[in-house]
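Participant: fold the following for me, if possible:
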Amino acid sequence: MSVTAVVGGQWGDEGKGRVVDYLSQRADMVIRYQGGDNAGHTVVNEFGTFKLHMVPSGIFNPQTVCVVGTGTVVNPPGLLAEMDTVAAAGVSLDNLWISNRAHVVLPYHPRLDALREARAGDKKIGTTKRGIGPTYADKAARIGVRVGDLLRPQYLRGRLEQVIPIKNQLLAHHDLPLIEFEPLWEQCVAWGKALQHRIVDVLPMIQKAVTNGQRVLLEGQLGVMRDLDWGIYPYVTSSNPATGGACSGAGIPPTRIDEVIGVVKAYATAVGAGPFPVELFDEDGQKLRDVGHEYGATTGRPRRCGWFDGVAIQYAMWLNGVTALAITKLDVLDDFDQIKVCVGYQLDGERLRHFPDTPDLERVTPVYETWPGWKTSTRQARTWDDLPKAARNYLHRLAELAGCPIRYVSVGPERPALVVLDTFGVQDLGGNA
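Facilitator: Numbers count the residues shown, from 1 in each chain. Predicted coordinates:
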């Protein structure tokens with residue numbers, strides 16, 4: 001591992017934090033490259049159980065430099081509260097740094113986010129109302145405030161003087177309370193003082209790490225189906241979780257990424273609105289939710305659950321350039337008599353084998369294969385041979401659909417509950433199970 005990107009291959013919530021926590025035990029640097037506190041990575045280790053929204057999942061290794069990257073949007077009070085939680089567990093934060101070029105989620109952003117959702121009626125995107133979309137919109141409109149601005153009070157004043165009249169005009173139109181300039185400016189200055197020792201130009205340290213061949217992990221948020229360009233638009237996030245977004249968000253050239261780990265669940269889940277062809281509304285769907293504890297790490301909302309989508313995985317593998325798979329939550333399927341896998345879509349009487357755009361995706365019907373369950377616990381498995389034969393057969397089928405070898409299989413949330421494979425041993429996707 002030199003530079004490895006860890007990306008979500010489904011609709012998000014695939015278990016990326018769990019994989020990054022494991023990999024970071026031998027990583028020199030972990031960079032969160034996009035997103036904000038609208039999604040959480042759940043990590044279970046010797047320090048406890050954590051739902052990390054902004055702090056990189058490598059924070060538990062004191063030897064790993066952790067960077068909140070340029071492509072992220074930072075909610076200062078949320079970040080400070082999360083830092084307090086991590087520190088209270090006895091974890092050092094001396095290795096945490098924040099890019100001065102990352103953008104700041106300001107108090108009016110969540111307010112505008114909630115307003116937009118309220119006015120959308122039955123066309124809601126299903127956002128977390130954390131203000132992520134409006135912050136990225138301001139970034140694109142070049143009226144955003146960056147983290148480094150918090151350290152320059154007079155420069156910050158000028159930036160706020162530019163944007164607050166625009167926001168107040170919008171708020172006034174909807175009869176909402178206006179933003180008071182001085183209190184907001186003072187609050188921003190206070191955030192800057194609280195974070196000042198961590199706010200740096202991160203590019204020199206990143207460039208040095210990559211140039212010296214250190215082991216760098218790029219940690220994404222959400223999954224490719226929520227990517228701004230390639231996801232199920234408009235039911236997407238406002239940044240690019242795909243591997244391409246890792247390059248710009250972290251500040252690393254594409255030619256420097258050596259490996260891409262695509263993280264997927266052994267089934268599928270989604271939070272928020274938009275088409276989700278494999279969604280189950282029956283007892284199996286509820287069982288997946290209950291056994292898998294499928295509730296959002298940020299909002300607590302119940303996740304939509306379904307069978308593994310083999311059409312979506314092919315789309316995700318190509319867009320991300322995945323070199324190896326990490327399949328999580330295999331143990332959730334331990335007690336199913338039968339397990340289904342989507343291998344195609346039907347649309348207007350035609351069999352589709354590609355992933356269509358949103359309007360067509362909303363109308364497709366999944367085509368399933370049925371595989372026998374293994375009806376025994378996989379929680380103690382630590383090698384490929386420890387897994388039941390039916391589970392190995394199932395995993396081979398997922399790898400075949402993805403066109404990509406499996407590197408890791410998670411059989412529990414704890415760090416050791418992982419089957420680590422020699423990828424050369426699973427290159428023959430149709431080989432012995």
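Participant: residues in contact with residue 191?
Facilitator: When contacts are counted by C-beta atoms under 8 Å, 6 or more residues apart in numbering, residue 191 is found next to 76, 77, 80, 104, 150. (Glycine included, C-beta is placed from N, CA and C.)
Participant: name the SS class of it, please.
Facilitator: helix (DSSP: H, G, I helix; E, B strand; the rest coil).
Participant: grab the nearest non-local neighbour of residue 172.
Facilitator: Using C-beta to C-beta, 6 or more residues apart in numbering and skipping the chain neighbours, the partner closest in space to residue 172 is residue 178 (6.3 Å).
Participant: picking that back up, out of the contacts of residue 191, which is most surrounded?
Facilitator: Neighbour counts for the contacts of residue 191, by other C-beta atoms under 10 Å, peak at residue 150, which reaches 26 neighbours.
Participant: tell me if that residue really is in a strand.
Facilitator: No: applying three-state DSSP, one finds residue 150 to be helix, outside a strand.
Participant: can I get stretch 398-405 in PDB, CA atoms only?
Facilitator: Coordinates of each C-alpha in stretch 398-405 appear next as PDB, following Å, rounded to 0.1, in the frame of the first residue of the first chain:
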ATOM      1  CA  LEU A 398     -20.500 -11.300  -5.900                       C
ATOM      2  CA  ALA A 399     -16.900 -11.100  -7.100                       C
ATOM      3  CA  GLU A 400     -17.900 -12.500 -10.500                       C
ATOM      4  CA  LEU A 401     -20.600  -9.800 -10.900                       C
ATOM      5  CA  ALA A 402     -18.100  -7.100  -9.800                       C
ATOM      6  CA  GLY A 403     -15.400  -8.400 -12.100                       C
ATOM      7  CA  CYS A 404     -13.000  -7.800  -9.200                       C
ATOM      8  CA  PRO A 405     -11.300 -10.000  -6.600                       C
END
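Participant: for that stretch, buried residues please.
Facilitator: For stretch 398-405, a neighbour-count test (16 or more other C-beta atoms under 10 Å) marks 398, 399, 401, 402, 404, 405 as buried.
Participant: residue 174 versus residue 164, what's the distance?
Facilitator: Separation of residue 164 from residue 174 (C-beta to C-beta, to the nearest Å) stands at 16 Å.
Participant: where does the prediction get shaky in the stretch 251-400 of the chain?
Facilitator: Counting by pLDDT under 70, the ranges of the stretch 251-400 of the chain that qualify are 297-299.
Participant: just the strands in it please.
Facilitator: Taking DSSP state E, counting those that start in this stretch as the test, the strands found in the stretch 251-400 of the chain are 259-265, 268-270, 304-306, 308-309, 324-328, 338-347, 350-352, 365-372.
Participant: so is the residue nearest to residue 172 in a helix, a strand, or just coil?
Facilitator: Following three-state DSSP, the label given to residue 178 is coil.
Participant: count the residues that sit near it.
Facilitator: The burial count assigned to residue 178 is 13, neighbours taken as other C-beta under 10 Å.
Participant: contact partners for residue 179?
Facilitator: Counting by C-beta under 8 Å, 6+ apart, residue 179 has contacts 107, 108, 164, 167, 168, 171.
Participant: dump the residues you listed to a markdown table, plus pLDDT and neighbour count.
Facilitator: Putting the contacts of residue 179 into a markdown table (pLDDT from 0 to 100; neighbours: other C-beta atoms under 10 Å) gives the following:
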| residue | pLDDT | neighbour count |
| --- | --- | --- |
| 107 | 92 | 14 |
| 108 | 91 | 24 |
| 164 | 95 | 20 |
| 167 | 92 | 21 |
| 168 | 92 | 17 |
| 171 | 88 | 18 |
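Participant: how does the protein divide into domains?
Facilitator: What automatic domain parsing lists as the domains of the chain is 3-100+199-260, 103-195, 265-426.
Participant: could you identify which of those domains is most buried?
Facilitator: Of those, the one with the most neighbours on average (mean count of other C-beta atoms under 10 Å) is domain 3-100+199-260, at a mean of 22.
Participant: okay if I get the strands of the stretch 251-400 of the chain as CSV plus distance to residue 21?
Facilitator: Listed next are the strands of the stretch 251-400 of the chain as CSV, based on distance: least, C-beta to C-beta, whole Å:
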stretch, distance to residue 21
strand 259-265, 12
strand 268-270, 19
strand 304-306, 24
strand 308-309, 23
strand 324-328, 12
strand 338-347, 27
strand 350-352, 37
strand 365-372, 30
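Participant: now do the same end-to-end measure for stretch 116-133.
Facilitator: The straight-line separation of the ends of stretch 116-133 (C-alpha to C-alpha, to the nearest Å) is 10 Å.
Participant: what does stretch 25-36 give?
Facilitator: Terminal residues of stretch 25-36 lie 24 Å apart, using C-alpha to C-alpha.
Participant: gap between that stretch and the chain center?
Facilitator: With C-alpha atoms, centre = their mean, to the nearest Å as the basis, stretch 25-36 stands 12 Å off its chain's centre.
Participant: which helix runs longest in the protein?
Facilitator: helix 153-173 (DSSP state H).
Participant: now residue 404: how far from residue 422?
Facilitator: According to C-beta to C-beta, residue 404 and residue 422 sit 15 Å apart.
Participant: next: residue 273.
Facilitator: Distance, residue 273 to residue 422, using C-beta to C-beta: 41 Å.
Participant: quick one, what contacts the most centrally placed residue in the chain?
Facilitator: Most central in the chain under C-alpha atoms, centre = their mean is residue 221, positioned 2.1 Å from the mean C-alpha point. Contact analysis of residue 221 by C-beta under 8 Å, 6+ apart lists 8, 12, 16, 32, 34-36, 38-39, 41, 237, 239, 241.
Participant: how much space separates it from residue 20?
Facilitator: Separation of residue 221 from residue 20 (C-beta to C-beta): 11 Å.
Participant: need phi/psi at residue 412.
Facilitator: The phi/psi pair for residue 412 (degrees, to the nearest 10) reads phi 170, psi 160.
Participant: pull up the distance across stretch 278-288, start to finish.
Facilitator: Taking C-alpha to C-alpha as the measure, stretch 278-288 stretches 13 Å from start to finish.
Participant: low-confidence ranges in the stretch 101-250 of the chain?
Facilitator: Regions of the stretch 101-250 of the chain meeting the criterion pLDDT under 70 cover residues 117-128.
Participant: which residues of it fall in strands?
Facilitator: Taking DSSP E, counting those that start in this stretch to define them, one finds strands in the stretch 101-250 of the chain at 103-104, 199-200, 216-219.
Participant: among these, which is nearest residue 310?
Facilitator: strand 216-219 (25.9 Å; C-beta to C-beta).
Participant: and that closest one, how far out from the chain middle?
Facilitator: Relative to its parent chain, strand 216-219 has a centroid offset of 13 Å by C-alpha atoms, centre = their mean.
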